[in-house]
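> Fold the following, please.
(2 chains)
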Amino acid sequence: AQKITQTQPGMFVQEKEAVTLDCTYDTSDQSYGLFWYKQPSSGEMIFLIYQGSYDEQNATEGRYSLNFQKARKSANLVISASQLGDSAMYFCAMREGGRNTGFQKLVFGTGTRLLVSP
Amino acid sequence: GAVVSQHPSRVICKSGTSVKIECRSLDFQATTMFWYRQFPKQSLMLMATSNEGSKATYEQGVEKDKFLINHASLTLSTLTVTSAHPEDSSFYICSARRGLAGGTQFFGPGTRLTVL
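Numbers count the residues shown, from 1 in each chain, chains lettered A, B, ... in the order given. This is a model prediction of the structure:
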């Protein structure tokens, strides 16, 4: 079974609009971490935002916010006021195990390609 | 964010040769680095976890003798693709974990390997 599911292969949004990229996850661990990365056409993976499973508040970083719904096991990324430079692949990833465990592997979803139009 | 570099960014080699890719954390020490492989239009697949001063931990299905990993210092890990073949052509990305267990992974810009 997929541990990280991104059901939107592609998304379109107009400049200055907000967009939500979906991510659901599957784990039996109580302690885990969720990440979003952006991969532009250049290939580099850019860290955007992190949410810990015990964090009570949704993470926010500038125009990025993570809509964390633990009971639904979803961690959607919300980009507000989209910019042309936001066009890229976006990957959701999960780290299982707590911060003090040695099990630190990231498992990635299949990604969502976002295209921002003028 | 933290800076991780990779060198080279692109490499083209002949079948049967070996290629070394370097991954450096430029502004922090990384006891753990990770090597990923990404095929076109696909997600990242973890190949191995590289720990400074010890042997790398390889994921199932990854040949340790073919993909040699050396993490000689707290800022440098290398991946050597030995006796490369066309099917090894891929985008290889490293990441370095900042801080202790649980720290965020920061990624290098990737290396595109083409084996002729």
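> B:F67 contacts B:T78, doesn't it?
No. When contacts are counted by C-beta atoms under 8 Å, B:F67 is not listed as touching B:T78 (10.8 Å). For glycine as for every other residue, the C-beta is placed from the backbone atoms N, C-alpha and C.
> which SSE is the most centrally placed residue in chain B in?
Nearest to the mean C-alpha position of chain B, counting by C-alpha atoms, centre = their mean, stands B:W35 at 3.5 Å. Secondary structure from DSSP states H and E places B:W35 in strand B:32-38.
> Which parts of chain B are strands?
Using DSSP state E, the strands of chain B run over B:4-7, B:10-13, B:19-25, B:32-38, B:44-51, B:57-58, B:67-73, B:76-81, B:90-97, B:105-107, B:111-115.
> In terms of secondary structure, what does the shortest one contact?
Looking back up the chat, that one is strand B:57-58. strand B:44-51 (3 or more C-beta pairs under 8 Å, 6 or more residues apart in numbering or on different chains; DSSP states H and E).
> can you list contacts of the strand it packs on?
Outside strand B:44-51, the residues that touch it by C-beta atoms under 8 Å, 6 or more residues apart in numbering or on different chains are A:45, A:91, A:104-108, B:31-38, B:56-59, B:62, B:64, B:67, B:69-71, B:77, B:79, B:93.
> nearest to A:L66, of the strands of chain B?
strand B:105-107 (16.7 Å; C-beta to C-beta).
> packing partners for that closest one?
Using 3+ C-beta pairs under 8 Å, 6+ apart: strand B:105-107 touches strand A:46-52, strand B:90-97.
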